[in-house]
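# attaching a predicted model along with its sequence, questions to come.
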Amino acid sequence: AGASPATTESTPVAGGTLTYATGFGEPTCLDPHVGGNMPQALLGTNVLESLFSQDADGAIVPWLATAGTPSADGLSWDITLRDDVTFTDGTPFDAEAVKANVEHMKDPATASSTAILALGKVADVEVVDPTTARFVLSEPDSALLESLAQTWLAMESPAGLTRSQEENCEAPIGTGPFTVESWTKQDNVTLVRNESYNSSPTGAAHEGTAYLDKIVWRFIPDPATRFAALQAGQVDVIDEMQPDNVVTATSSEDLAVLQGALPGASIRLELNSGYAPFDDERVRKAFIASADVNPGIESLFFGTVERSYSVLSTSTPYGASYEDDFAIDVDKANTLLDEAGWTTRDADGYRTKDGQRLTVDFPISTNQSIPAEQSLFEQIQATTKEVGFDVQLHPLDLSSWYASLAAWDFGVTSAIYTKNSADVLRILYDSANIQPAPSGYHPNHSHVDIPELDELLTKAGQTTDADERAAAYADAQKILSDGAYVLPLYDHLQKIGYRTSVQGLSLLPTLQLPYLADAWVQ
Amino acid sequence: MTHTVGNDGAEAAVRAPTPSLPTPTPELRRSSRSRGWVIVRGVLLRIGGGLFVLWAAATLTFFGLRLIPGDPAQAILGGPGSQASAEALAQVRADYGLDQPIWVQYIAQLGRLATGDLGTSYSLRSPVAEVIGAQIGGTLLLAALALIVAWAIALGLAVWSTRGGRIAAAVGSTLEIVAAAVPHFWLATVLVLVFSTALRWFPAVSTAGPEGLVLPVLTLALPLAGFLGQVMRESVLDALSAPFVLSARARGESENGVRWRHVLRHGSLPGIALSGWAFGFLVSGAVVVETIFARPGLGRTLLNAVQLRDVPLVVGVVLVVALGYVIMTVATDAASRLADPRLRRQGVAL
Amino acid sequence: MSGDAPLQRRKVGGDSESHSVVTAETPHTPSRSAASEAPVVRVEGLRVGFGTGGRRGARGAAVVDGVSFELQAGRAVAIVGESGSGKSVTARALVGLAGPGSWMTADALEVGGASVLGSTGRDGIARGLSAAAWRRIRGRQIGLVVQDALVSLDPLRPIGREIGDALRLHTSLSPVQREVRVRELLESVGMPDPAERMRQRSGELSGGLRQRALIASALAADPSVLIADEPTTALDSTVQARILEQFESIKANGTGLLFISHDLAVVSRIADEVLVMRAGRVVESGPVEQVLGDPRHEYTKTLLRAVPTGVPRGVPLSVRWGADAAGTEPTEGEPFSTARPAADHPTPTAHLAGATTSPAVTPLVEATAVSKRFGSRTAVDAVSLVIAPGTTLGLVGESGSGKTTLGRIILGLTTPDSGTVTLDGAPWAPLRERDRRARRPVLGAVYQDALSSFDPRLTVGRILEDALRGQDSGSGAGSGADAGAGSVAGVIRDGVAGLLHEVGLSPETASARPLQLSGGQRQRVSIARALAPRPRIVVLDEPVSALDVSIQAQILDLLDRLQRERGVAYLFISHDLGVVQHMSDQVAVMKDGRIVEQGPSADVFARPQHPYTRALFDAAPRIGPL
Amino acid sequence: MAQWVAIGVLALLLLAAVLPGVLAPGDPLAIDPAQAFLSPRWGHPFGTDESGRDIYTRVVHGAAPSLVIGVAATAIGILLALVLGLAAALGGRVVDFGVSRLLEVLFAFPGLLLALLVITVYGPGIVTSTIAVGLATAPGYARIIRSQTRSVASAPYIEAAVVLGRSRGRILVQHILPNAVVPVFVLVTLGVGQAIVWAAALSYLGLGAEPPAAEWGAMLFAGKNYLATAWWMTFFPGLAIVLSAVAATVLGRALQRRGPR
Ligand SMILES: Nc1ncnc2c1ncn2[C@@H]1O[C@H](COP(=O)(O)OP(=O)(O)OP(=O)(O)O)[C@@H](O)[C@H]1O
Ligand SMILES: Nc1ncnc2c1ncn2[C@@H]1O[C@H](COP(=O)(O)OP(=O)(O)OP(=O)(O)O)[C@@H](O)[C@H]1O
Ligand SMILES: [Mg+2]
Ligand SMILES: [Mg+2]
């Protein structure tokens, strides 16, 4: 259960300021329609609201919308809306607003990347009546409501959207429990309570305005500093905790930890099957059979995460585990490599073939992989060396990392993809996504190109029949597992540390983001 | 000549005057007209030199950043991870003139810079001048405080350790050398560990109040104090053995009087001369310190901008830093001349 | 301060007989109640040393060893002696500033009638007064003008402040009153424009003015004793004369004066009594007329003889130290001039050309109307001169008159703006260096600052080898006396030994570095280097001004002898008239870049024509009643 | 005294760099997750890191890359500086003007910025960070060499050589270069320590050696994340950096004091 609210023994008190320190980085624009990344979603969740939310099991629940009904052919959805909500600038929330938002997201000038992908099948929005918006699709989309539940597709005031992008980035106007008061670049964003808030999502601990007067949202990139600030009481809540800090915090009187698995793909290694040496399935299998990660996961994460054998996060429905495919077997690995022709070894003990070393380049995004993870990669490097792999780790800044991915200049890598439905599989492994987007980014890093898999994923994405969908996703995952394209490691955990003076803190299940409308400080 | 060398800052120490024999010039009063011309020429040369430095810095940075792999248009569209459409990219390229040949862009950039327009940051989407304006205050405050603290520590250490005999001298010079060798980042973490996590005296990250400045300022100041202290101590020692100190003592001056009235000034001369170099040192340090202590500032802005290939922002920051350096060298030069009349008569080139 | 102290003839130097050397431990002197007037300073058996005797804290040998004297108000006691004899240390010990790590013992050390020894430790070393007590003496009772006047004022502070400091420390004057007083003081020491000058820093003042400011600061708190340590050494003769006048008037005002100098001529003018020091001991003391007029001690005689002033050309100035001189060792242990003829009764030796150069001889060097400007200042202004082979042209003039520049023009180091120089009848300057190079061996040079004219990395041997190697192989082998080695290297090695021998240095010197040599030794190496290419003329720019008289005498004798033996010509630049007179056949007097007077040495010195020359000669001090 | 300690430290460093096996026979890359995060104890005098590698072994083996980076960066810096400095000092007014302006410009780039730019252009790694540090330190050295050479070139003993009839070339080779360049060796000693620190700073920013190389800066970079729980991971590599920098500085200063005045 992802959304375990923090202990709520005492009665909530209104007032007070909460200081939140994020390690995800500072957004360049607070409007999550623009671009669309984690820092925006994190902050946006407390300012902007979505049409739907999800419960702890991933089921869709109402928020600004009360219901969503597909047409029989699945090519249109009628979304009914609440009629009692207004944006903080006084603009009423209605179907016109929904239409304006979708248009804003789809406008190239907005330069959306996440929202525009999620709305890929949405052709148009029709205003049926003020409380009914009809989404017209180009093809059926079983994950539409999940998509609409994401903060990147949150609703903003149409009046606000007509402002310049610069202004909208500074302070997007939503319906949420807080509004943006000020943004001091590189330091903090200050949020203040929305006094007329009345649209809590289903599952919230209380209705009505938030308890906190004010949230100071700070940016502290260095994890050690962030934790030190929490310990020193300078900040009340931090995210992106290091595993060892989780242990320290758990055993501390003053600190507590809130965890939740981010939906979407698990943390995994993706083997580039499009190019040598991993274009040979035997080599991929040998790699997976020799990459011994369990001891490292235990020691590096201090028992805070569990080994995953699924491509999907535990908080995402339809995940399937095939543990046997990932058993460590050095002999098997050696045999496979011998079979694949990597029979000789050089002076350093690495396998060679035709004078070429069995080299695997491993670009690591230092922005995305936490230090413990990077250490785990070092251990993978050490264990696969025993069978003759020369894994070369390249820690890179984000730009360089993307550049090497775009050039297919890697053997293995690890990328994060957060999405609140199993449809993430289609994004990551559909052969269509080998082709890069115009920006050069291709989500299918494993270069998986299997028509049968494409078919399964398309089917799963279109059908509204839950069983059919489950079966399709299970088969798809089996194909990936059999082909040794991916080595799942563990769930991508949201780890929130907070001082015990903070009460009522919870994670909003959709993207496992901290929800502060229920929080108060003692 | 005894050149005090030791690091890239030591060069300034070489320029620093040693309290040794100034040759007496019989002719002391030049005609005021030629003096005026010399000053005007000096000022013109300085301004010209300063402009040249700014131009060259902008040029180097511009072309340097163009060598970096990665598409600026992407940077504009929210970083490389953005799945921006081809039309959006084309639009941006046209908007920003990125489809022009590089030297056309270069000329355009120079033209804008010449009119004082630093352009618009790709990643922050606001005018570079505004971004820098918002960030510079924090960095300047940090650097200025660090410089003052470093000075105070260095001078205090130099004066104290040349007074208390052999042991104090050994302790003093060891402290200076160690301080100069301690990397900022290590110092910062140790300070945080001790003063924030363990003792809880000072906050680990910057706060609005002055207490948040203590650790960042110390982190920046201590290594600098080590460098300054080494040079200052040499000149304190030189001054202490200079005949004018004997002369002062023979006049009945007390030990404190000797230090306050004579030695301290001589000790601080190389410190003044080194302050221009210290500026660069502090800016470098600010990158690390601002990151670790989560302080807003130019250093952090720069690090982010470089990583995001935000050319206008990087060029802007580089220009501001270069301008700061130019101003700083002119200022320290003037300060040196003010403090040391011996320099006034020798024309010191820019 | 009572200015009416009766001038009292008293023997200085305690009990020591004037002809004998003071023994290391002066026996306890019975109190001399005979003295009717309490001396302002009384020193008895003063010993000072530095704790550098090897191990830490160990007591080093005494550098001042049993000095005794008394100083009365209104009188002047002078201490003379060669460099390093302990003059300055003695002076500084009187104000407790002998130096860091110094120790001091004395039978008596009184200032203004009170002992300044403080308690005496078990090791017999005086603890001295407390810091506070010393501060009441320094500046207030004893004013000290330290050596190195040029750098004895803080270059960063206006001299007015420096002088005012003494007032601040010892009087209760308000800042405004102090300023008035400082102006008066500056005026009293003859500083022009005192109001303006007091706001200037020492760097803006000439040496003479600095010296005056320093004297003013020492006199500020009206001390009863003024110690002046080499107050005129760095100054040229006209300025020196003015400063000496100053001291005379200070003395006349009733201040006791302890005057330190190595210049006997200066001393003879100012002092009432003289102490001659050598190696930390007083070898002779007494009234100035007696000590300088009728010296008893060998060392004093040697010192006096070393003064070149008035000594005719060709007469040797130095004598080798006789082993009979009690308690003395040979200077620097050099095998000085073993080849010299009997030195005790020197006679003038004929020079090759002498003063009788006939105009028929082609001049070796001829400068015609050379001029050189630096910025707006003309350093050399249309100067013409001629140097005949084998003769010496002495060039005198005050500081900044252009002597060095002229020398450099002749050396081809500075290109004249106009005018020409010929060497051996052929054009020499202006000319491209490349075209000059082949004829370089004709010209040699010896510089004032020998040390900095040597590459610090090279040994003496290498320096000389290098100088020898410049020419055709073989021909450079010194005097060629013991040539015979086959290889070029061998020849050169022999050449080095020969050169060293010729300038009176031991062969071991070859392995030393210049830094390790004494000033006199360095100057000899410098001369040897100049001689190596067998030049026909050597330009000597102040070759002896940095040396003290006895060493100076040795060097001058050496130069003289080499001229006789080798027939080289000299351009001898000096501001010291005595030295020039002693060395030159012809003399040229420079002022403001021009040669104002030129002619045979004897004529010019006997009958100076130009008023400037006369002023120069008048200002030059001579040993008093001689 | 101090310089003997410094020489001792440097000798140890050199031994560690050349024959690390003598001081620490283990494998610096050998992981043992079961032994992770052990505090200093018998068998692991400096403790172990997050993958159970022995920090003592890693610190010893880290001497070689750190020293190589330090020496190579300084060599690059000094060589470049020699070219620039000598050219400026001896190349006549035009060259001097040009080079001086260039140095002025390079000075206007704070060292870290210059290094950052180099690294962003050529990608992180030991080689780039070495070059970056070398480049960043070159202007400082160049100025020292320039002023040193100029003062040597105008020294009286150069004129003495002219008077002896020596040619320009011979004076250059025999007097100017040795006297101007010899003090540079002192700079090298002093520079190595600083270069090690600089390179560590780049590694610390994640721009230096690639993991899991046993390089001090990279070890610090890894260790800083565990500061609160495993101080020894940062303390010992940091100490090694500080110690070697201090030792180099002390030795350099001693050499400087001893050198010709
Ligand atoms: N601070 C000191 N420490 C050690 N030795 C010293 C110190 N001051 C002077 N001496 C030594 O004491 C001796 C006497 O020095 P002093 O300065 O009194 O000589 P001086 O007669 O004044 O010579 P000069 O004519 O060169 O000034 C010299 O051998 C000198 O080396
Ligand atoms: N290289 C130079 N640049 C500028 N001015 C110079 C230079 N050399 C000499 N002068 C000036 O030329 C004048 C004559 O100097 P020079 O050194 O020839 O005098 P001098 O008679 O040798 O003096 P001193 O007795 O002090 O050695 C002085 O005013 C000096 O300041
Ligand atoms: Mg003396
Ligand atoms: Mg001269």
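Looks like it came in fine. Ligands and ions are numbered 1, 2, ... in the order given.
# just the pLDDT at the residue of the stretch 51-200 of chain B at minimum distance from chain D, thanks.
In the stretch 51-200 of chain B, the residue that lies nearest chain D is B:Ala181 (3.5 Å; CB to the nearest CB). Heads up, the C-betas are built off the backbone N, CA and C, glycines and all. Reading off the confidence values, B:Ala181 has pLDDT 83.
# quick check: closest non-adjacent residue to it.
D:Ala245 (3.5 Å; CB to CB, 6 or more residues apart in numbering or on different chains).
# in which helix or strand does that neighbour reside?
Using DSSP states H and E, D:Ala245 sits in helix D:232-258.
# packing partners for that helix?
Packing partners of helix D:232-258 (3 or more CB pairs under 8 Å, 6 or more residues apart in numbering or on different chains; DSSP states H and E): helix B:165-181, helix B:184-191, helix D:2-18, helix D:55-90, helix D:177-204, helix D:216-223.
# next, see if the fifth one gets close to chain C.
Yes - judged by CB under 8 Å from any CB of the partner chain, helix D:177-204 comes into contact with chain C through D:Pro178, D:Asn179, D:Val182.
# helices or strands up against that helix?
Counting by 3+ CB pairs under 8 Å, 6+ apart, helix D:177-204 packs on helix B:165-181, helix B:184-191, helix D:55-90, helix D:111-122, helix D:126-153, helix D:216-223, helix D:232-258.
# tell me the most buried of those?
Across those, averaging neighbours per residue (mean count of other CB atoms under 10 Å in any protein chain shown) puts helix D:216-223 on top, at a mean of 29.
# for chain D, what is the nearest residue in the stretch 101-250 of chain C?
Taking CB to the nearest CB, chain D has its nearest neighbour within the stretch 101-250 of chain C at C:Val151, 17.7 Å off.
# likewise the stretch 1-150 of chain A?
As assessed by CB to the nearest CB, chain D sits closest to A:Gly23 within the stretch 1-150 of chain A, at 11.4 Å.
# residue of chain B closest to ligand 3, please.
Residue of chain B nearest ligand 3, by CB to the ion: B:Pro243 (11.0 Å).
# can you get me a residue count around that residue?
By other CB atoms under 10 Å in any protein chain shown, 19 other residues sit near B:Pro243.
# tell me the contacts of it?
B:Pro243 makes contacts with C:Val146, C:Gln147, C:Asp148, C:Val151, C:Ser152, as judged by CB atoms under 8 Å, 6 or more residues apart in numbering or on different chains.
# make it 7 Å
Residues near B:Pro243 by CB atoms under 7 Å, 6 or more residues apart in numbering or on different chains: C:Val146, C:Asp148, C:Val151, C:Ser152.
# before we move on, what about C:Gly86?
C:Val63, C:Val64, C:Met277, C:Gly280.
# quick one: pLDDT of it?
Reported pLDDT for C:Gly86: 89.
# find the residue at the geometric middle of chain B.
Nearest to the geometric centre of chain B sits B:Phe279, at 0.6 Å (CA atoms, centre = their mean).
# how much space is there between it and A:Gly341?
Going from B:Phe279 to A:Gly341 by CB to CB, to the nearest Å gives 60 Å.
# confirm that A:Ala372 sits in a strand.
No - applying DSSP: H, G, I helix; E, B strand; the rest coil, one finds A:Ala372 to be helix, outside a strand.
# that one is in contact with A:Ser299, isn't it?
No - contact criterion CB atoms under 7 Å: A:Ala372 and A:Ser299 do not qualify, at 9.5 Å.
# mean pLDDT for the helices and strands packed on helix D:177-204: which is lowest?
Mean pLDDT per stretch puts helix D:111-122 lowest among those, at a mean of 76.
# quick one: that one to helix D:55-90, angle?
If you take axes from the mean of the first three to the mean of the last three CA atoms, to 10 degrees, helix D:111-122 sits at 100 degrees to helix D:55-90.
# which residues touch C:Met145?
In this structure residue C:145 is Val, not Met. C:Val145 makes contacts with C:Leu214, C:Ile215, C:Ala218, C:Ile227, C:Ala228, C:Asp229, C:Pro231, as judged by CB under 7 Å, 6+ apart.
# quick one: residues contacting the fourth one.
Think C:Ile227. Counting by CB under 7 Å, 6+ apart, the residues that C:Ile227 touches are C:Ala91, C:Leu94, C:Ile142, C:Leu144, C:Val145, C:Leu258.
# skipping adjacent residues, who's closest to the fourth one in space?
Among residues not flanking C:Leu144 along the chain, B:Ala250 sits closest, at 3.8 Å (CB to CB, 6+ apart).
# no more questions from me, cheers.
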